[in-house]
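> Predicted model, plus sequence, below.
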Amino acid sequence: MPAARKTKKPDLSLRLLAWYDIHRRVLPWRAPAGKRADPYRVWLSEIMLQQTTVQAVGAYYRKFLALWPDVKALAAAKQDEVLAAWAGLGYYARARNLHAAAKVVAGQMGGKFPTTAEALRALPGVGGYTAGAISAIAYDERQAAMDANAERVIARLYAVQTPMPKAKTELHALGSALVPDRAGDFAQALMDLGSAICTPKRPACPNCPLSADCKARKLGIQELLPVKAPKMLRPLRRGAAFVARDRSGAVLLVKRPDKGLLASMLEPPLGEWSEKFPSTAQAIKQAPFEAEWKKRPGIVRHGFTHFELETEVYVADFAKRPKFKGEWVPAEKLRSVALPTVMRKIVEHGLDEGGPLFSSRRSAR
């Protein structure tokens, strides 16, 4: 490591831990001070927190824990139940991997999680960061858990100006050199510091326990770090969706394939996605069956990781359900099925009559 970036490990680590002991966040998955963390709860929270904010995860975490209080209970659940409980949290491969990993731990490992980052990486859905976070927080293994908050802290502390994601290896090495015996507390301290003090914009540098050694602050470039890679333009796809309702207000949903985007989740029947919207006549030909399909005004927009989607929604009402492979879901149960956010938006748009989403009054139709 270059001399300019030589760490003062004991001093920096102790100062950060002293700050953490006073300012640590109270989070539903975090063990009280001095208590050993439950590996199941750490693993569950870390999978949920992948690409998702703490604020968004809290309610889902509590729901999962109420439904499945340990890994054996989660392993015994049906995948559709897990997907339904996950619906709305996004990145649904995480839910499928979560269930698959629970089965591995409950079955092959006798309900005991691996205790090292290396062994944890063998579980479905557990990558380098997640393995390091679990092993550090649950077992105090000396691992650097470098989430976005931690990377930002380290990038500024050492004025790392290599653009992301190329800087990740360097940031991990610098973070690893700081990990003390209290590895779990240190990992969470970095996360909390990045969340509360070393924020992306207008960081509260005077309140930071590491400010005296922060090279970015001395250079006046703290808000410029870490350097982000240029944003890639995402292609735009367009298509039609078909919301069919029966006399009671139940909506026809079909299951997506077991692999690929939104695998095994529910959706209303969809047309093809392409660069342009189909004409009304073309859309009607893509409908799942013949009906008096009426196009709703407006469109539904949703962003995926690699593309943007715009959807026009066609609606039809039926006195008698047409024969079609799918599930007619009562309006009052639409909130509890495995309906991803984009499909929920589409159904909402189709049912929107100025009232709340999936209101019970529709079931009286």
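Great, that's in hand. Residues are numbered from 1 along each chain as shown.
> Pick out the residue nearest the middle of this structure.
When Cα atoms, centre = their mean is applied to the chain, the residue found nearest the centroid is Thr52 (3.8 Å).
> And the pLDDT at that one?
Reading off the confidence values, Thr52 has pLDDT 90.
> Same question for the one 4 residues further on.
As summarised for this prediction, Ala56 has a pLDDT of 93.
> unless I'm mixing things up, the residue nearest to the centre of the chain is touching Gly90, no?
Yes. The pair Thr52 and Gly90 qualifies as a contact (Cβ atoms under 8 Å) at a distance of 6.8 Å. All C-beta atoms are positioned from the backbone trio N, CA, C, and that covers glycine.
> Show me where the stretch 101-250 of the chain has its strands.
Applying DSSP state E, counting those that start in this stretch to the stretch 101-250 of the chain gives strands spanning 236-246.
> how about the helices in it?
Listed from the start of the chain, the stretch 101-250 of the chain has helices (DSSP state H, counting those that start in this stretch) covering 117-120, 128-139, 148-157, 168-176, 183-196, 215-219.
> which residues touch the third one?
Outside helix 148-157, the residues that touch it by Cβ atoms under 8 Å, 6 or more residues apart in numbering are 12, 144, 146, 160, 164, 167-168, 171, 174-175, 187, 190-195, 198, 200, 203, 210, 213-217, 222, 225-226.
> 6 Å instead?
The contact list for helix 148-157, computed with Cβ atoms under 6 Å, 6 or more residues apart in numbering, reads 171, 174-175, 190-191, 193-195, 198, 210, 214, 216, 222, 225-226.
> next SSE after the lowest-mean-pLDDT helix or strand in the chain?
The helix or strand of the chain with the poorest confidence is helix 9-23; it has a mean of 92 (mean pLDDT, DSSP states H and E). Secondary structure here is assigned by DSSP states H and E; on that basis, the next helix or strand after helix 9-23 toward the C-terminus is helix 39-49.
> So which elements touch that following helix?
helix 54-67, helix 128-139 (3 or more Cβ pairs under 6 Å, 6 or more residues apart in numbering; DSSP states H and E).
> Now distance to Ala106 and mean neighbour count too, for the ones you listed, in TSV please.
As requested, those are exported to TSV (distance: least, Cβ to Cβ, whole Å; neighbours: other Cβ atoms under 10 Å):
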stretch	distance to Ala106	mean neighbour count
helix 54-67	15	15
helix 128-139	16	25
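> Val342 is nearest to which of the ones you listed?
helix 54-67 (16.0 Å; Cβ to Cβ).
> could you point out which element follows the closest one?
Past helix 54-67, the next helix or strand by DSSP H and E is helix 71-76.
> That next one - contacts with which helices or strands?
Using 3+ Cβ pairs under 6 Å, 6+ apart: helix 71-76 touches helix 93-107.
> Contacts for the helix it packs on next, please.
Counting by Cβ under 6 Å, 6+ apart, residues outside helix 93-107 touching it are 47, 50, 71-72, 74-75, 79, 82-83, 86, 113, 123-125.
> Identify whichever of the helices of the stretch 101-250 of the chain lies nearest to Tyr20.
Ranked by Cβ to Cβ, the member of the helices of the stretch 101-250 of the chain that lies closest to Tyr20 is helix 183-196, at 3.6 Å.
> Would you mind getting the angle between the closest one and helix 128-139?
With axes from the mean of the first three to the mean of the last three Cα atoms, to 10 degrees defining the directions, helix 183-196 sits at 120 degrees from helix 128-139.
> can you count the residues close to Arg24?
Other residues near Arg24 number 18, with proximity taken as other Cβ atoms under 10 Å.
> Tally up the residues packed near the closest residue in space to Arg94 that isn't next to it in sequence, please.
The shortest distance from Arg94 to any non-neighbouring residue, by Cβ to Cβ, 6 or more residues apart in numbering, is to Ile47 (5.6 Å). Each residue near Ile47 was counted by other Cβ under 10 Å, and the total is 23.
> can you check Asp80 too?
When neighbours are counted by other Cβ under 10 Å, Asp80 comes out with 14.
> Before we move on, what's the pLDDT of Leu351?
For Leu351, the predicted pLDDT is 89.
> Kindly provide the distance from it to Ala244.
In this structure, Leu351 lies at 11 Å from Ala244, with Cβ to Cβ, to the nearest Å as the measure.
> just Gly303 next, same as before
With the distance defined as Cβ to Cβ, Gly303 ends up 26 Å from Ala244.
> So the two - more neighbours on which side?
Remark: of Gly303 and Ala244, Ala244 carries more neighbours, 26 against 10, as counted by other Cβ under 10 Å.
> Now the more buried one: closest residue in space, sequence neighbours ignored.
Counting by Cβ to Cβ, 6+ apart, Ala244 lies nearest to Leu252, which is 4.1 Å off, once chain neighbours are set aside.
> The one you found: helix or strand, and which one exactly?
Under the assignment here (DSSP H and E), Leu252 is part of strand 251-255.
> and that strand, how far from the chain's centre?
24 Å (Cα atoms, centre = their mean, to the nearest Å).
> burial count for Lys201?
By the criterion of other Cβ under 10 Å, Lys201 has 5 neighbours.
> That one and Ile154, how far apart?
For Lys201, the distance to Ile154 (Cβ to Cβ) stands at 18 Å.
> Could you do Leu210 as well?
Computed as Cβ to Cβ, the Leu210 to Ile154 distance reads 10 Å.
> neighbour count winner among the two?
Taking other Cβ under 10 Å, Leu210 and Ile154 do not tie; Ile154 has more neighbours (28 against 23).
> What confidence value was assigned to the more buried one?
Looking at Ile154 specifically, the model assigns a pLDDT of 98.
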